[in-house]
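> Predicted model follows, preceded by the sequence.
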Amino acid sequence: MSGERVLAGLFGLVGLFFALEARDLSYMEESVPGAGFLPFWLGLLLVALVAGFLFTTRPAKPAGDGASGPSPADRRKVAAVSLGLVACIAAIGELGFTASIAAYLLFLARAVERRGWGLSAGVALGATLGLYLIFQAWLKVPLPRGPWGF
Amino acid sequence: MDVLGHLAQGFSVVLTPTNLLFCLLGVLLGQAIGALPGIGPSAGIAILMPLTFGGDPIAATIMFAGIYYGAQYGGTITSVLVSVPGESSTVMTSLDGYQMARKGRAGAALGMAAIGSFVAGTLGTVGLMLAAPALAQAALLFGPPEYFALVVMGLAALAIVSGSVLKGLLTGVAGLLLATIGIDPQVGSTRFTFGQVWLLDGIEFLVLAVAMFGVGEVLASVSQEIPAPITTSIRNVWPTREDFRACRLPILRGSLIGYLVGVLPGAGATIASFVTYAVERKLSRHPERFGTGTIEAVAAPEAANNGASAGAMVPMFALGIPGSGTTAVMLGALIMFGLRPGPQLFQQHPDFVWGIIASMYIGNVLLLILNLPLAPIFAVLLRVPYAILYPVILAFCIVGVYSQSNSLDDLWLMAGFGLLGFFMKRYDFPAAPMILGLVLEPLFENALRQSLTLSHGSVAIFLTRPISAVLLAATALVVLTPLAVRLVRPERAAA
């Protein structure tokens, strides 16, 4: 099954989920729609649209689908950037904003993009410092601090 | 007060040091965002939005508008020098612009594009100034059924022009559904929060916009090769007299077509440039030269995409229905500032609306000044490696989303939706209808509920009121026609 049909199917499941959950909410209160009215119908509409999409779109041949997509190396790159993002968000609560963002940027520039240590460190420290100055110092956003106070 | 009086009021608002600075900042950022690959005006505005929290909404919106139309100018640089359009609206420019660059006429292409953009941007702003207040006045007669029909039409229009009608509708409905998470504004009960306190406020527009247009676009771009720019010096930016003669009428036609297409809900700069290119080719005495580096084929679509940018502001300001993906993000920004775009805006906040309109005149002059002598400098931006750029964009996304509500939960949502955005981009599911659905759902649901209350639960109210009936019939026609074709001829390619 092609990726786009899987993605469409996921949208359909979301629609089905909302429609089923909406049944626990009030549908009509006298002649006024209740909290569940719109989500119920939107959920069903989403399911219908997905069904229409799957019905009118022929499954792609595996070779054709893969040929137009990114190479395995690029897929690994997307996975590395995504997992790095997840790790960064997980670390922000523990290590604070500054260290987590700097480490993520260093990881992206050095490990993912294979840039030199000097350039990678420069990007990581420069961007982190810039963001710190804009958001923490200028806009007074209370960014999470790590055990070392920043 | 007449239009000129309102415009004078607008200039008095914008001609302050702060607002002029934001206008300059907006067009500079827009120019850079348009030129840089992998980031568009929607992402730029979404990512920069947190910087404007707590600030002056007028200054912020002046900056956002500057980013929007500045990006149309900036996208030209990439189209001409790399043949990879910085914006989808400059695809047609790349056909002949790149060929001109290969012949050593990159300067003339960029110069004429800037002049065409300036003319169209200015004429489009005149059109905005004349049409939006009149449309807003007419829309004051609209009741809940008409607004319901308008939202349906806006969502359907954006879905139709997003490439695949079904995929566009699908993501638009998904956006509406996502917006139902949180507290029901009418009865105050919770919906789909699953006992999670952080979901009570629902899914914030900023989180979804940054995730889709920021994180999702970055993930999609890191898996693509971005070619190096053509190595040519940009000289003779001021076009020759012959160039001017060739481009005079195409620029005017492009301005008009662009503006008119831009006003249509959901259409926008990309379609405007395609239509204009086709029209110019049809009208040309030498259509065979199109695609080989003819200057009018650069000037006309550039005029069209800038005319469309101004045109797209008409439905946003007058009706509260965005005319494009970027104006959908701007609409969300205005709502975050506590403003409700629509007919009341002209009456309740005339200083705001006319200030933005006046700023667009100034911004277009600034862009012309910036582009003619400084085009070579902006071209240097193309040499910034994307490998260095995207980590900084991602860091900006993280801190921007966090700063909105100081919540790590929003960051998790951003990561999740960012991944969804990547797959949507990968399989051509448009993100703009989803954002628009999320933004317009409160208006949509309120209009639906009020209409059904008025009619004691009968949906016939949408068909017995002439304006809503016409709007819904038009929507049904344009949506069902391509769907019927699909049913008759199912095919692999998206409709």
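Perfect, thanks for sending it.

> only C-alpha atoms for contact and neighbour calcs from this point on.
Will do.

> State the pLDDT value of B:S162.
The per-residue pLDDT reported for B:S162 equals 69.

> cool, the one 5 residues further on as well?
In the predicted model, B:K167 carries a pLDDT score of 92.

> Would you mind identifying the next helix or strand past the worst-scoring helix or strand of chain A on mean pLDDT?
None of the helices or strands of chain A scores lower by mean pLDDT, DSSP states H and E than helix A:62-68, at a mean of 50. As assigned by DSSP states H and E, the chain's next helix or strand after helix A:62-68 is helix A:72-95.

> hmm, who's touching that next one?
With contact meaning CA atoms under 8 Å, 6 or more residues apart in numbering or on different chains, helix A:72-95 is reached by A:99-101, A:103-104, A:107-108, A:112, A:144-147, B:219-220, B:222-224, B:408, B:411-412, B:415, B:419.

> Can I get it in PDB, CA atoms only?
The C-alpha coordinates for helix A:72-95 follow below in PDB (Å, rounded to 0.1, in the frame of the first residue of the first chain):
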ATOM      1  CA  PRO A  72      17.800   6.000   1.800                       C
ATOM      2  CA  ALA A  73      20.500   8.500   2.900                       C
ATOM      3  CA  ASP A  74      18.100  11.300   2.800                       C
ATOM      4  CA  ARG A  75      15.500   9.200   4.800                       C
ATOM      5  CA  ARG A  76      18.200   8.600   7.400                       C
ATOM      6  CA  LYS A  77      18.800  12.300   7.500                       C
ATOM      7  CA  VAL A  78      15.100  13.100   8.100                       C
ATOM      8  CA  ALA A  79      15.000  10.400  10.800                       C
ATOM      9  CA  ALA A  80      18.100  11.900  12.500                       C
ATOM     10  CA  VAL A  81      16.700  15.400  12.400                       C
ATOM     11  CA  SER A  82      13.400  14.200  13.800                       C
ATOM     12  CA  LEU A  83      14.800  12.100  16.500                       C
ATOM     13  CA  GLY A  84      17.200  14.900  17.400                       C
ATOM     14  CA  LEU A  85      14.200  17.200  17.800                       C
ATOM     15  CA  VAL A  86      12.500  14.700  20.100                       C
ATOM     16  CA  ALA A  87      15.600  14.300  22.200                       C
ATOM     17  CA  CYS A  88      16.100  18.100  22.300                       C
ATOM     18  CA  ILE A  89      12.500  18.600  23.600                       C
ATOM     19  CA  ALA A  90      12.900  15.900  26.100                       C
ATOM     20  CA  ALA A  91      16.200  17.400  27.300                       C
ATOM     21  CA  ILE A  92      14.900  21.000  27.700                       C
ATOM     22  CA  GLY A  93      13.000  20.100  30.900                       C
ATOM     23  CA  GLU A  94      16.100  18.500  32.400                       C
ATOM     24  CA  LEU A  95      19.100  20.400  31.000                       C
END
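
> which residues are contacting stretch B:422-429?
Here stretch B:422-429 makes contact (CA under 8 Å, 6+ apart) with A:3-4, A:7, A:69, B:163-164, B:167-168, B:171, B:212, B:215-217, B:219-220, B:430-431.

> actually stretch A:103-121, sorry about that
By CA under 8 Å, 6+ apart, stretch A:103-121 touches A:77, A:80-81, A:84-85, A:88, A:123-124, B:387-388, B:391-392, B:395.

> of the residues you listed, buried ones?
A:K77, A:A80, A:V81, A:G84, A:L85, A:C88, A:V123, A:A124, B:I388, B:P391, B:V392, B:A395 (16 or more other CA atoms under 10 Å in any protein chain shown).

> For chain A, just list every one of the strands.
Secondary structure of chain A by DSSP state E: the strands cover A:28-29, A:32-33.

> In the stretch 201-350 of chain B, which residue sits closest to chain A?
Proximity of the stretch 201-350 of chain B to chain A (CA to the nearest CA) peaks at B:S223, 4.7 Å away.

> ok, back up a step: dump the strands of chain A into JSON lines; add mean neighbour count and distance to A:G93 as well.
Converted to JSON lines, the strands of chain A look like this (neighbours: other CA atoms under 10 Å in any protein chain shown; distance: least, CA to CA, whole Å):
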{"stretch": "strand A:28-29", "mean neighbour count": "12", "distance to A:G93": "43"}
{"stretch": "strand A:32-33", "mean neighbour count": "20", "distance to A:G93": "42"}
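
> Phi and psi next, for the residue of chain A most remote from its centre.
Of all residues in chain A, A:E30 sits farthest from the chain's C-alpha centroid, using CA atoms, centre = their mean; the distance is 40.4 Å. When read as degrees, to the nearest 10, the backbone of A:E30 gives phi 60, psi -120.

> Look up how far B:T193 lies from the residue nearest to B:I39 when sequence neighbours are not counted.
With sequence-adjacent residues excluded and distances taken as CA to CA, 6 or more residues apart in numbering or on different chains, B:I39 is closest to B:I33, at 6.2 Å. In this view, B:I33 and B:T193 are 37 Å apart by CA to CA, to the nearest Å.

> can you give me the offset of the strand or helix carrying B:I357 from its chain's centre?
Per DSSP H and E: B:I357 is located in helix B:350-380. Put simply, helix B:350-380 sits 17 Å off its chain's centre (CA atoms, centre = their mean, to the nearest Å).

> Over to stretch B:255-264?
Distance, centroid of stretch B:255-264 to centroid of chain: 13 Å (CA atoms, centre = their mean).

> List the neighbours of that stretch that are in contact with it.
Contacts for stretch B:255-264 (CA under 8 Å, 6+ apart): B:119-121, B:123-124, B:127, B:267-269, B:271-273, B:275-276, B:300, B:303-315, B:323.

> now stretch B:105-116
If you take CA under 8 Å, 6+ apart as the criterion, stretch B:105-116 is touched by B:73, B:76-77, B:80-81, B:97-98, B:100-101, B:232-240, B:243-244, B:251, B:295, B:298-300, B:302-303, B:367-368, B:371-372, B:375.

> I would like a ChimeraX command selecting only the buried ones among those residues, please.
Remark: buried members of the contacts of stretch B:105-116, expressed as a ChimeraX selection using 16+ other CA under 10 Å:
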select /B:73,76,77,80,81,97,98,100,101,234,235,236,237,238,239,243,244,251,295,298,299,300,302,303,367,368,371,372,375
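
> Excluding chain neighbours, give the residue nearest to B:L472 in space.
Nearest non-adjacent residue to B:L472 (CA to CA, 6+ apart): B:A149, at 5.7 Å.

> So which elements touch the helix or strand harbouring that neighbour?
Element membership for B:A149, per DSSP H and E: helix B:144-160. Helix B:144-160 is packed against helix B:165-179, helix B:432-454, helix B:461-464, helix B:466-488, with contacts defined by 3 or more CA pairs under 8 Å, 6 or more residues apart in numbering or on different chains; DSSP states H and E.

> wait, does the strand or helix carrying B:S79 contact chain A?
Following DSSP H and E, one finds B:S79 within helix B:57-82. No. Using CA under 8 Å from any CA of the partner chain, helix B:57-82 stays clear of chain A, coming no nearer than 14.6 Å.

> From the contact counts, what lies against that helix?
Where contact means 3+ CA pairs under 8 Å, 6+ apart, helix B:57-82 is packed against helix B:17-35, helix B:41-48, helix B:91-102, helix B:106-139, helix B:296-319, helix B:325-336, helix B:350-380.

> Cool, thanks, signing off.
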